[in-house]
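> Mind folding the following:
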Amino acid sequence: MGRVKIWCLHGAVGMTADWDEFAERMCAAGQEVCMVDLWGFVEEGACSFADFAAELNARVRAEEEAPVLLGYSMGGRLALHALLEDEVPWRAGVIVSAHPGIRDPEERVMRVAKDAEWATGAFSGSWQKFLADWNSQGVLEGEMVGRLGDRNRLEPRRVAVARGFMEWSLGKQEDLGPRLGEIECPVLWLTGARDARFSALAEEAIPLISNGLHRVMSGAGHRVPWDAAEEFAQLVHEFVANVKAP
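Purely as a prediction, here's the structure:
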């Protein structure tokens, strides 16, 4: 099998540079990484989950060979929408630390309100305070210095970051559970052993996917690709290498 291209979607308050180390490892293993700038989709205006999926998949259909779609956290949720669109152009999917959707309507309303608070902080507050508050969340525990891109470089794009919180709020996402059976391509779902909540969500979701596999990464929290960088890259490489072209 020739080189397989992996399209990577970063998380909320993320950036393409987050995938630099992963891209180097994949290149050494004979695969190629395309880092998707999610903020480009909301730089000029609104972009719903459906709009994003349609636009991303339209770009992918121009590829000569079907690539693999990898999404982390918010990017994982966006990836699920792309995998669920009609006439999916993907070879396979890798979903990392992602939420398939909130079932409780009241909880969804509360999540929209919380994401509106994050959007306000990103848009008009102190950027340093916004970053500190974001990284202080328990789910994001772990020392990431040197492995993630410099978030200070995101400040000029704070409007897009704020719009991302509003457009792609988990509260605005439908519960994708009932639709996961529509995904026909192979899916590898990865979570961290220290991230009990998202591991439990994956355990519920993966039996709904006909060709799905869930792996829990020991020693990792929510930020799996950086908490367990070497093991993560190896698992993704092995998965991609064994997936046949559609």
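> Next one: the residue nearest to residue 48 when sequence neighbours are not counted, what pLDDT does it get?
In space, residue 48 comes closest to residue 167 once its chain neighbours are excluded; the distance is 6.3 Å by C-beta to C-beta, 6 or more residues apart in numbering. C-beta coordinates here come from the backbone N, C-alpha and C atoms, glycine included. In the predicted model, residue 167 carries a pLDDT score of 98.
> Can you give me the buried ones in the longest helix along the chain?
The helix of greatest length in the chain, counted in residues with DSSP state H as the criterion, is given as helix 105-124. Residues of helix 105-124 classed as buried by neighbour count (16 or more other C-beta atoms under 10 Å): 108, 111, 115, 118-119, 121-123.
> from those residues, which two are the most distant?
108 and 123 (22.1 Å; C-beta to C-beta).
> where do the strands sit along this structure?
For the chain, the strands identified by DSSP state E occupy 5-9, 32-36, 68-72, 92-96, 187-192, 212-217, in order along the chain.
> circling back to that earlier point, could you export the buried residues of helix 105-124 to TSV, including columns for distance to residue 17?
Written out in TSV, the entries for these read as follows (distance: C-beta to C-beta, whole Å):
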residue	distance to residue 17
108	32
111	28
115	24
118	21
119	22
121	22
122	18
123	22
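> Show me which of the residues you listed is closest to residue 180.
The closest of the buried residues of helix 105-124 to residue 180 turns out to be residue 108 (C-beta to C-beta; 18.1 Å).
> Could you check how far the closest one is from residue 174?
When distance is defined by C-beta to C-beta, to the nearest Å, residue 108 is 9 Å away from residue 174.
> Who are the packing partners of the longest helix of the chain?
On a contact count with 3 or more C-beta pairs under 8 Å, 6 or more residues apart in numbering; DSSP states H and E, helix 105-124 meets helix 127-135, helix 158-167.
> Could you say which of these is packed most deeply?
helix 158-167 (a mean of 21; mean count of other C-beta atoms under 10 Å).
> Output the contacting helices and strands for it.
Packed next to helix 158-167, using 3+ C-beta pairs under 8 Å, 6+ apart, are helix 39-42, helix 105-124.
> Just the CA coordinates for the shortest one, please, in CSV.
Written as CSV, here are the backbone C-alpha positions of helix 39-42 (Å, rounded to 0.1, in the frame of the first residue of the first chain):
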residue,chain,number,x,y,z
TRP,A,39,-10.7,28.4,12.4
GLY,A,40,-10.6,29.0,8.6
PHE,A,41,-14.1,27.7,8.4
VAL,A,42,-15.5,30.3,10.8
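> neighbouring contacts of that helix?
Residues from elsewhere that reach helix 39-42, judged by C-beta atoms under 8 Å, 6 or more residues apart in numbering: 15, 47, 51-52, 55-56, 154, 157, 160-161, 163-164, 167.
> ok, and for that helix, which residues are buried?
Neighbour-count burial for helix 39-42, counted by 16+ other C-beta under 10 Å, picks out 39, 41-42.
> if we can go back for a sec, of the contacts of helix 39-42, which is the nearest to residue 229?
Proximity of the contacts of helix 39-42 to residue 229 (C-beta to C-beta) peaks at residue 15, which lies at 16.6 Å.
> That closest one: how many residues sit nearby?
Using other C-beta atoms under 10 Å, residue 15 has 21 other residues around it.
> Enumerate every residue touching the residue lying closest to it once chain neighbours are set aside.
Nearest-residue entry for residue 15: residue 149, 4.3 Å, with adjacent residues in sequence omitted and distances by C-beta to C-beta, 6+ apart. The neighbourhood of residue 149, defined by C-beta under 8 Å, 6+ apart, consists of 14-18, 20.
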